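Participant: just coords:
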């Protein structure tokens with residue numbers, strides 16, 4: 001690995017948590033971590049996307065120093081020990097190991113994908129219900145949606161809804177409920193012609209009922225938590241970890257949220273009580289967590305959805321909270337959420353998927 005490649009996987013302090021997330025989202029996304037070096041380029045720590053997620057779930061501020069989440073004793077190997085990298089990565093279930101010289105400076109980084117194609121083992125979620133809410137008109141994507149229903153709009157050469165299902169298929173899930181309304185005949189025809197290895201159960205709305213109201217139409221009584229997701233966004237995350245987090249947290253609903261960074265294109269002035277300028281920030285970045293439209297819900301929450309009524313998943317979240325239920329989040333990074341709700345976002349999704357396909 002050359003010096004430029006090493007730079008892609010390393011950073012220095014000072015660094016905020018949100019800045020660390022941005023670096024991991026970039027070139028370091030394939031490893032899901034970055035290594036921290038000091039001013040002399042010596043290895044001093046490691047930060048993974050999981051470390052950041054746990055920090056956020058504990059209420060940590062994303063503007064805090066990344067040193068707060070950093071492992072200060074990272075696993076590493078010397079040049080003479082490099083041949084042990086594969087065995088250690090399998091044993092420790094890690095994606096990358098830095099190779100250091102006698103001065104503890106990184107001279108190489110071994111990635112799991114480069115060592116005999118080591119693959120992380122995904123949790124088997126077979127039997128877990130998945131509901132895909134696909135009944136909307138997709139007005140933001142007009143005129144495309146005048147011809148095709150939003151779920152069938154292709155990203156590359158594959159419809160978005162098929163890409164979404166493929167993400168779940170990786171976890172052994174082979175049965176899906178799809179709530180449909182607008183151009184539902186085209187959706188049925190597509191999957192009939194596709195003849196996939198999984199089953200799609202279509203749930204038809206006679207009238208628009210919203211994302212939550214359509215879930216109530218499903219006749220089957222679920223006995224375990226289920227995924228409920230929009231049909232226009234891809235979430236690049238560990239679905240097994242999301243599901244396990246929901247159960248371990250004792251949540252009634254877990255909403256998958258994504259970091260959204262918004263840069264103010266002007267200098268921001270902070271003033272005092274009498275108008276005096278206290279400080280100025282040049283083009284500051286504001287960070288928020290947004291709803292991705294992907295949830296894990298307990299089956300008994302479905303009983304709270306009114307029959308034959310326009311009702312959205314956000315209404316269900318509010319109702320569960322109002323009744324004292326527990327609603328939690330599972331945060332993912334900005335680049336882990338690929339949305340195609342608008343044309344510009346659809347282009348971004350295509351770019352990201354092209355990057356993925358080249359790896």
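Facilitator: Here it is on my side, so go on. Keep in mind that this is a model prediction, so the values were computed, not measured.
Participant: what residue ranges in this protein score low on pLDDT?
Facilitator: Along the chain, segments meeting pLDDT under 70 span 1-2, 27-28, 116-121, 137-145, 341-348, 350-359.
Participant: what's the distance between the nearest residue to residue 300 once chain neighbours are set aside and residue 179?
Facilitator: Once flanking residues are discounted, residue 300 sits nearest to residue 252: 7.9 Å by C-beta to C-beta, 6 or more residues apart in numbering. Placement of C-beta: from N, CA and C, glycine included. Distance, residue 252 to residue 179, using C-beta to C-beta, to the nearest Å: 21 Å.
Participant: repeat for residue 262
Facilitator: As judged by C-beta to C-beta, residue 262 and residue 179 stand 32 Å apart.
Participant: repeat for residue 270
Facilitator: Remark: distance between residue 270 and residue 179 (C-beta to C-beta) = 47 Å.
Participant: of these two, who's got more company?
Facilitator: Counted by other C-beta atoms under 10 Å, residue 270 and residue 179 do not tie: residue 179 has more neighbours, with 26 against 9.
Participant: quick one: that one is in a strand?
Facilitator: Yes: checked against DSSP: H, G, I helix; E, B strand; the rest coil, residue 179 lies within a strand.
Participant: Could you double-check that it lies in contact with residue 132?
Facilitator: Yes: Residue 179 is within contact range of residue 132, at 7.2 Å (criterion: C-beta atoms under 8 Å).
Participant: so residue 109 bridges to which residues?
Facilitator: residue 98 (DSSP bridges).
Participant: Any idea how many residues pack against it?
Facilitator: Here the number of neighbours of residue 109 (other C-beta under 10 Å) works out to 21.
Participant: Residue 211 now?
Facilitator: Residues within reach of residue 211, counting by other C-beta under 10 Å, total 24.
Participant: Give me the three-state assignment for it.
Facilitator: Put simply, residue 211 is helix when judged by three-state DSSP.
Participant: doesn't residue 305 make contact with it?
Facilitator: No: using C-beta under 8 Å as the test, residue 211 is too far from residue 305 to be in contact (10.2 Å).
Participant: joint contacts of the two?
Facilitator: Residues touching both residue 211 and residue 305 (C-beta atoms under 8 Å, 6 or more residues apart in numbering): none.
Participant: how close does residue 207 get to residue 78?
Facilitator: Residue 207 sits 67 Å away from residue 78, going by C-beta to C-beta.
Participant: So for these two, which sits in the more crowded spot?
Facilitator: More crowded of residue 207 and residue 78, by other C-beta under 10 Å: residue 78, with 13 against 9.
Participant: contacting residues around the residue nearest to that one when sequence neighbours are not counted?
Facilitator: Excluding its sequence neighbours, the residue lying closest to residue 78 (C-beta to C-beta, 6+ apart) is residue 100, at 6.2 Å. Residue 100 makes contacts with 43, 76, 77, 78, 79, 106, 107, as judged by C-beta under 8 Å, 6+ apart.
Participant: and the fifth one, how far is that from residue 44?
Facilitator: Spelled out, that is residue 79. Distance of residue 79 to residue 44, computed by C-beta to C-beta: 19 Å.
Participant: where does the closest residue to residue 320 other than its chain neighbours sit relative to residue 314, distance-wise?
Facilitator: Of all residues not flanking residue 320 in the chain, residue 252 sits nearest, at 5.1 Å (C-beta to C-beta, 6+ apart). Remark: distance between residue 252 and residue 314 (C-beta to C-beta) = 15 Å.
Participant: ok, those two, which is more surrounded?
Facilitator: Each of residue 252 and residue 314 had its neighbours counted (other C-beta under 10 Å), and the higher figure belongs to residue 252 (23 against 15).
Participant: show me the residues around that one that make contact.
Facilitator: Listed by C-beta under 8 Å, 6+ apart, the contact set of residue 252 reads 297, 298, 300, 301, 320, 325, 326, 327.
Participant: ok, 6 Å please
Facilitator: Contact analysis of residue 252 by C-beta atoms under 6 Å, 6 or more residues apart in numbering lists 298, 301, 320, 325, 326.
Participant: before we move on, what about residue 128?
Facilitator: residue 173.
Participant: give me the element it is part of.
Facilitator: In the assignment (DSSP states H and E), residue 128 maps to no helix and no strand.
Participant: how about the strands in the stretch 51-200 of the chain?
Facilitator: 77-78, 96-100, 106-111, 130-134, 154-155, 158-159, 175-180, 199-204 (DSSP state E, counting those that start in this stretch).
Participant: Mark out where each domain of the protein begins and ends.
Facilitator: Listed domain ranges for the chain are 3-114, 130-358 (source: automatic domain parsing).
Participant: Any idea how many residues pack against the nearest residue to residue 184 once chain neighbours are set aside?
Facilitator: Ranked by C-beta to C-beta, 6+ apart and with sequence neighbours excluded, the top spatial neighbour of residue 184 is residue 204, at 6.0 Å. For residue 204, the neighbour count with other C-beta under 10 Å is 13.
Participant: Where do the helices of this structure begin and end?
Facilitator: Taking DSSP state H to define them, one finds helices in the chain at 3-8, 17-25, 49-57, 85-92, 144-147, 160-169, 184-194, 210-215, 239-249, 313-322, 343-358.
Participant: Buried ones in the third one, by neighbour count?
Facilitator: By neighbour count, with 16 or more other C-beta atoms under 10 Å as the criterion, the buried positions of helix 49-57 are 49, 51, 52, 53, 55, 56.
Participant: Columns distance to residue 167 on top of those residues, output as TSV?
Facilitator: Formatted as TSV, the buried residues of helix 49-57 follow (distance: C-beta to C-beta, whole Å):
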residue	distance to residue 167
49	17
51	24
52	21
53	18
55	25
56	22
